[in-house]
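Novice: How does the following fold in three dimensions:
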Amino acid sequence: MEFLTIGLTVNSDRHCATLRSLKQRIRRIRPERNTFLKCQHFSSDAEIEAAVRKWISSQPATFFMDGMNKWIERFKKCVALNGDYVEK
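Specialist: Next up is the predicted model:
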């Protein structure tokens, strides 16, 4: 990911472009995560929280264990590379 050139400031155009770029990268890396809240509209934070809780409770136990195992492997790789690791 690029950083701002010295002397530049963050403005709304730059911020929005960065967010769009990140969103596209996430979709390419993890397409299965794009469907959870797609096309849903919420009128309150409580509705969002309820939807997230429902989704979490619907996941198999292996979902969370797999996630932790992947995190451990990424952490080990990061330590082995002295912190110079970014997953691509």
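Novice: where does the chain have low pLDDT?
Specialist: 1-12, 14-15, 26-27, 29-35, 85-88 (pLDDT under 70).
Novice: That one: helices as residue ranges?
Specialist: 12-29, 45-58, 61-80 (DSSP state H).
Novice: so which of these comes closest to residue 36?
Specialist: When the helices of the chain are compared by C-beta to C-beta, helix 45-58 sits nearest residue 36, at 5.6 Å. C-betas here are computed from N, CA, C, even on glycine.
Novice: okay, the angle between that closest one and helix 61-80?
Specialist: Per axes from the mean of the first three to the mean of the last three C-alpha atoms, to 10 degrees, the angle that helix 45-58 makes with helix 61-80 is 90 degrees.
Novice: and helix 45-58, what does it pack onto?
Specialist: Here helix 45-58 touches no other helix or strand, going by 3 or more C-beta pairs under 8 Å, 6 or more residues apart in numbering; DSSP states H and E.
Novice: thinking again about what came up before, any chance of TSV for the helices of the chain, columns mean neighbour count?
Specialist: Formatted as TSV, those follow (neighbours: other C-beta atoms under 10 Å):
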stretch	mean neighbour count
helix 12-29	10
helix 45-58	10
helix 61-80	10
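Novice: Save the ones you listed as JSON lines, and put in distance to residue 38 too.
Specialist: As requested, those are exported to JSON lines (distance: least, C-beta to C-beta, whole Å):
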{"stretch": "helix 12-29", "distance to residue 38": "11"}
{"stretch": "helix 45-58", "distance to residue 38": "12"}
{"stretch": "helix 61-80", "distance to residue 38": "19"}
